[in-house]
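Visitor: just a sequence and a predicted model for now, questions to come.
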Amino acid sequence: MFDFLISILTSPLAITIYKGVAAILVIFPIAGVCSMAERKVAAWVQDRPGPNRAIVPWVAWIPFLGRFLQRLGVFHVMADGGKMLFKEDSTPGHVNKFYFIAAPLLAMIPALTTVSVVPFGTYFDEAGKAIPLILANLDVGLLAVFAISSLGVYSLILAGWASNSKYPFLGSVRASAQLISYELSMTISVLPVFLWINAPGTTGTLGLARVVEFQSGIWHGLSSASWGGVWFGFLMPISAFIFLVCLFAETNRQPFDTIESEADLVGSFHTEYGAFKWGLFFVAEYSHMIVGSGIFMLLFFGGWNPLPWLPLGSVVGWMHQITGWAFTIHPLFVGILSIAIFLGKVLAMIFFFMAIRWTVPRFRYDQVMRIGWRVLLPLSIANLLVYAIAIAFIQK
């Protein structure tokens with residue numbers, strides 16, 4: 001009986017469920033904390049205190065700690081979560097109820113699915129080979145990210161259409177147009193990266209882990225060791241810039257949040273939503289922002305490598321030589337260290353997202369379309385042609 005239970009708990013289906021639950025348990029808390037961090041960053045930019053009032057009574061009795069947590073605004077996350085879960089969740093009578101309820105649920109599916117193909121760390125086996133930490137290590141990892149994340153706009157379209165209201169419908173139309181406009185440029189901007197690492201004679205891949213391996217100096221796509229270790233953000237700054245701008249547009253963040261645009265569309269696609277259903281849309285937005293920040297760091301800023309030309313393996317080796325401690329080269333320690341470095345970069349990127357929101361004014365919708373079609377798309381095509389010629393010349 002015991003062996004049968006162990007076989008069930010270790011079956012491929014059970015492992016898949018574990019991975020899915022792990023992704024949810026990581027993304028949901030971080031996305032929830034982002035709502036509080038957004039207000040703290042806004043307060044810091046605008047030179048005001050920000051959220052610092054809410055506190056659990058029994059924590060207030062703890063000297064120093066209670067006051068510190070209150071000023072940090074930690075308990076506002078609990079207050080927001082409680083309000084989202086227990087507030088009356090009404091459904092207007094004029095909406096198409098089935099699709100109206102399905103839309104916020106569909107918004108979460110791409111956000112949680114893309115996490116499974118994004119590597120978040122690494123460790124070294126006994127032979128010294130880097131093994132990426134990833135839920136589903138696909139050779140078409142980036143293609144899977146683009147394919148799945150693009151489905152997120154369907155939830156916005158469905159929400160606007162099912163609301164049977166003018167402003168939500170206009171917001172959903174804007175969402176579909178903006179996604180198409182910037183997804184083309186985003187896809188073209190990353191092609192030079194994979195042209196670089198998929199040199200003739202090497203195994204072709206679209207996996208994100210291979211990109212980090214090149215930036216770690218352990219994969220030489222152009223057979224020249226001098227290129228190994230340099231981050232693609234320095235090799236291809238125009239590609240990084242285009243991808244970053246498109247990432248802001250794809251995640252509906254300022255200054256590209258004309259999809260919501262409260263000034264002219266009230267609340268846009270989520271005007272008729274409230275309570276838990278409304279919260280799911282914003283958890284999905286923060287989830288896309290987290291995953292997008294991770295992909296940007298993997299592609300252009302070294303992933304889990306701390307500095308350019310300073311890969312994680314060198315840092316671990318130096319730590320072992322200086323201290324002599326065996327645990328510094330243990331796979332568990334290396335894995336935790338790589339995750340910490342990568343998570344630190346992602347959090348820094350999220351802070352940048354939030355700071356930009358309170359720094360740059362919102363574009364008009366016609367300006368958003370003009371930037372996407374008349375600026376970024378020609379620039380991304382020209383950038384691809386230049387790097388394609390340069391890479392072909394270097395490979396000879």
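Guide: Now that the structure is in, tell me what you want to look at.
Visitor: which SSE is immediately downstream of the strand or helix carrying Phe352?
Guide: Element membership of Phe352 [criterion: DSSP states H and E] is helix 331-357. Note on helix 331-357: by DSSP H and E, the next helix or strand toward the C-terminus is helix 365-370.
Visitor: in terms of secondary structure, what does that following helix contact?
Guide: Packing contacts for helix 365-370, counted by 3 or more Cβ pairs under 8 Å, 6 or more residues apart in numbering; DSSP states H and E, involve helix 166-197. Just so you know, the C-beta spots here come from the backbone N, C-alpha and C atoms, and that holds for glycine as well.
Visitor: buried stuff in the helix it packs on?
Guide: For helix 166-197, a neighbour-count test (16 or more other Cβ atoms under 10 Å) marks 167-175, 177-179, 181-197 as buried.
Visitor: show me the shaky parts of the stretch 201-350 of the chain.
Guide: 218-228, 262-265 (pLDDT under 70).
Visitor: the stretch 101-250 of the chain: helices as residue ranges?
Guide: Counting by DSSP state H, counting those that start in this stretch, the stretch 101-250 of the chain has these helices, from start to end: 141-149, 152-162, 166-197, 208-215, 232-235, 237-250.
Visitor: to Leu312, which of the ones you listed lies closest?
Guide: helix 208-215 (9.3 Å; Cβ to Cβ).
Visitor: ok, and what's touching that closest one?
Guide: 117-119, 122, 130, 132, 134, 137, 141-142, 145, 193-194, 196-197, 219-221, 227-232, 295, 298-299, 302-305, 311 (Cβ atoms under 8 Å, 6 or more residues apart in numbering).
Visitor: could you export the helices of the stretch 101-250 of the chain as JSON lines, including distance to Leu106?
Guide: Output for the helices of the stretch 101-250 of the chain, formatted as JSON lines (distance: least, Cβ to Cβ, whole Å):
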{"stretch": "helix 141-149", "distance to Leu106": "12"}
{"stretch": "helix 152-162", "distance to Leu106": "4"}
{"stretch": "helix 166-197", "distance to Leu106": "13"}
{"stretch": "helix 208-215", "distance to Leu106": "25"}
{"stretch": "helix 232-235", "distance to Leu106": "33"}
{"stretch": "helix 237-250", "distance to Leu106": "17"}
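Visitor: out of those, which gets nearest to Tyr273?
Guide: It's helix 152-162; of those, that one is closest to Tyr273 (Cβ to Cβ) at 7.2 Å.
Visitor: ok, His288 to Ser35 distance?
Guide: Here His288 is placed at a distance of 14 Å from Ser35 (Cβ to Cβ, to the nearest Å).
Visitor: buried residues, stretch 53-62. List them.
Guide: Within stretch 53-62, the residues that count as buried by 16+ other Cβ under 10 Å are Ile55.
Visitor: cool, stretch 255-269 as well?
Guide: 255-261, 265-269.
Visitor: which ones are touching the closest residue to Val368 other than its chain neighbours?
Guide: Residue nearest to Val368 in three dimensions, not counting chain neighbours: Thr258, with 5.4 Å by Cβ to Cβ, 6 or more residues apart in numbering. Contacts here follow Cβ under 8 Å, 6+ apart; on that basis Thr258 touches 174, 178, 362-365, 368.
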